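Q: prediction below, plus the sequence it came from.
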Amino acid sequence: EAGVVQSPRYKIIEKKQPVAFWCNPISGHNTLYWYLQNLGQGPELLIRYENEEAVDDSQLPKDRFSAERLKGVDSTLKIQPAELGDSAVYLCASSLEQGSTYNEQFFGPGTRLTVL
Amino acid sequence: QKEVEQNSGPLSVPEGAIASLNCTYSDRGSQSFFWYRQYSGKSPELIMSIYSNGDKEDGRFTAQLNKASQYVSLLIRDSQPSDSATYLCAFRSYNTDKLIFGTGTRLQVFP
């Protein structure tokens, strides 16, 4: 079974430029998550999708970040414009369904973003 | 008080020894607990999940949960140098349904 796929793996941009990250979850997983991980920290949730619906985006900085999951499968996270403080690893994860107590989340390889 | 507390380490153990990693959490209502392993430069990999008080064993790994004490641990038996990584403890918040991660404990297994 293929895991969560993310691209690109690395991205270097200058501040104020836009950037986009793509994620394809594990087949059959309805719930998709975007996390941000800074060095030495655990992942922090940015947004959670149940199928096409963003059910928790409370931690997403909406002035510059946006996300979509149009057909309930793959998803794109965008930053426009990027700031120096956005340098981090952006992780995508998926799970079968959020409501279950036994819900397990599986992470993709992540995208390491460097903003110069 | 942090939602999840882990000793950042590094925890250094010799090859073949038992490594014991500990975690406390603040959410008394939480029912789901997870251990992830993260190698340097890689993403977190789920290695154990536990939902009931007591022990859960999977190969060389044993997760232990004590909800009354709000404590979860991970034991790694016969530690190998390949176990050297950061281990992240996480729980699902009862109130927000979010997965809350600790900052991780770095484990070093030396030959």
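A: Perfect, thanks for sending it. Residues are numbered from 1 along each chain as shown, chains lettered A, B, ... in the order given.
Q: now chain B against chain A: closest residue?
A: Per CB to the nearest CB, residue B:101 is where chain B lies closest to chain A, at 2.8 Å. Every residue, glycine included, has its C-beta placed from N, CA and C.
Q: need the pLDDT of that residue.
A: Predicted confidence (pLDDT) at residue B:101: the value is 96.
Q: quick check: beta-bridge partners of it?
A: Taking DSSP bridges as the rule, residue B:101 bridges to residue B:90.
Q: what about it, distance to residue A:40?
A: In this structure, residue B:101 and residue A:40 are 12 Å apart, going by CB to CB, to the nearest Å.
Q: so between the two, which is more surrounded?
A: For residue B:101 and residue A:40, the more surrounded residue by other CB atoms under 10 Å in any protein chain shown is residue B:101, and the numbers stand at 23 against 10.
Q: residues in chain B within reach of chain A, list them.
A: Taking CB under 8 Å from any CB of the partner chain as the criterion, the neighbours of chain A within chain B are B:4, B:8, B:31-32, B:34, B:36, B:42-46, B:49, B:51, B:88, B:90, B:92, B:96-99, B:101-104.
Q: now for residue A:85, how many residues are close by?
A: 9.
Q: what remains of the residues of chain B next to chain A if I keep only buried residues?
A: Burial by neighbour count, 16 or more other CB atoms under 10 Å in any protein chain shown: within the residues of chain B next to chain A this picks out B:4, B:32, B:34, B:36, B:43-44, B:46, B:49, B:88, B:90, B:92, B:98-99, B:101-104.
Q: residue of chain A with the smallest distance to chain B?
A: The minimum distance from chain A to chain B, using CB to the nearest CB, falls at residue A:42 (2.8 Å).
Q: under the pLDDT cut-off, which ranges of the chain? List them.
A: All of this is about chain A. Flagging of chain A using pLDDT under 70 yields the residue ranges A:1, A:98-101.
Q: wait, chain B
A: If you take pLDDT under 70 as the line, chain B has these spans: B:1.
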